[in-house]
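**Q** When you get a sec, could you give me coordinates for this:
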Amino acid sequence: MSEQLRYQEIAPPAFLFDLDGTLIDSVYQHVIAWRTALAEMGIDLSVWRIHRRIGMSGGLFVAALLRETGVRLSTEQLEALQRAHAREYNAQIDSVRALPGAPELLRSLTERGIPWAIATSGRAETARSALGTLGLPEDTPMVTRDLVRYAKPDPDLFLAAASLLGVDPGNAMVVGDSVWDLLAARRAGALGVGLLSGGYGREELERTGAFRVYTDPADLLQRLDELGVRQ
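**A** Okay, the predicted model is just below:
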């Protein structure tokens, strides 16, 4: 007599989303905000150099750029730089839009009972406004830079987001647009999914650990079955 195979049903994966360049089209607003803030300190950097660091924590971002220029700033100047960036970004907030398919993707996951959260290297003063842009309520699960010790490429943001949802990071997928998101995902023990909507190339994202790469949230929504999400 053949034995019937037994297996334990595995829950569908949870999703942990980066914010800038992943759900909202805001990468270049951040680039210009940083460029303006740096210029106020007398630091002139090309836009492409700034773009390559977007997605890191603000502290690492500034440290990396200053290393390239050889400029040294005091603690007070660094804090002033962060405030100037927030001011300049918020001045452009009306030009920030949800990326194609982002609200629909989040709504679809919610309707299917699949847990998700947002984990961003941005601070609450700039990140919380994205909830309205995405049509999300104020109580949407979100972890910002203010809530963890270290931001990307450290795994803290994604570990905190998984904890907020009550899920194992190993059963979560991190969706991000930068190499810093994918490095943090690997360190958190989660699978990485890349999006091209933040300006990084497919090969860069795949080399950093993305096992699938999509154009934007709309493309991901159409191919959710490739990630183990079924109707």
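
**Q** From the recorded domain assignment, give the ranges for this structure.
**A** Domain assignment for the chain by automatic domain parsing gives 14-25+97-227, 28-94.

**Q** a markdown table for these, including mean pLDDT?
**A** Below are the domains of the chain laid out as a markdown table (pLDDT from 0 to 100):
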| stretch | mean pLDDT |
| --- | --- |
| domain 14-25+97-227 | 95 |
| domain 28-94 | 83 |
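
**Q** so which of those is the most packed in?
**A** Among those, ranked by average contacts under mean count of other CB atoms under 10 Å, first place goes to domain 14-25+97-227 (a mean of 20). Heads up, the C-betas are built off the backbone N, CA and C, glycines and all.

**Q** Centre of the chain to the longest helix along the chain, how far?
**A** In the chain, taking DSSP state H as the definition, the longest helix is helix 75-91. Taking CA atoms, centre = their mean, to the nearest Å, one finds helix 75-91 lying 20 Å from the centre of the chain it belongs to.

**Q** Put the alpha carbons of that helix into CSV.
**A** Extracted in CSV, the C-alpha atoms of helix 75-91 (Å, rounded to 0.1, in the frame of the first residue of the first chain):
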residue,chain,number,x,y,z
THR,A,75,28.8,67.0,14.2
GLU,A,76,26.9,70.2,14.2
GLN,A,77,27.5,70.7,10.4
LEU,A,78,26.4,67.1,9.8
GLU,A,79,23.1,67.7,11.6
ALA,A,80,22.6,70.9,9.7
LEU,A,81,23.2,69.0,6.5
GLN,A,82,20.5,66.4,7.4
ARG,A,83,18.1,69.2,8.2
ALA,A,84,18.8,71.0,5.0
HIS,A,85,18.2,67.9,3.0
ALA,A,86,14.8,67.4,4.7
ARG,A,87,13.9,71.0,4.1
GLU,A,88,14.8,70.8,0.4
TYR,A,89,13.1,67.5,-0.1
ASN,A,90,9.9,68.7,1.5
ALA,A,91,10.0,71.8,-0.7
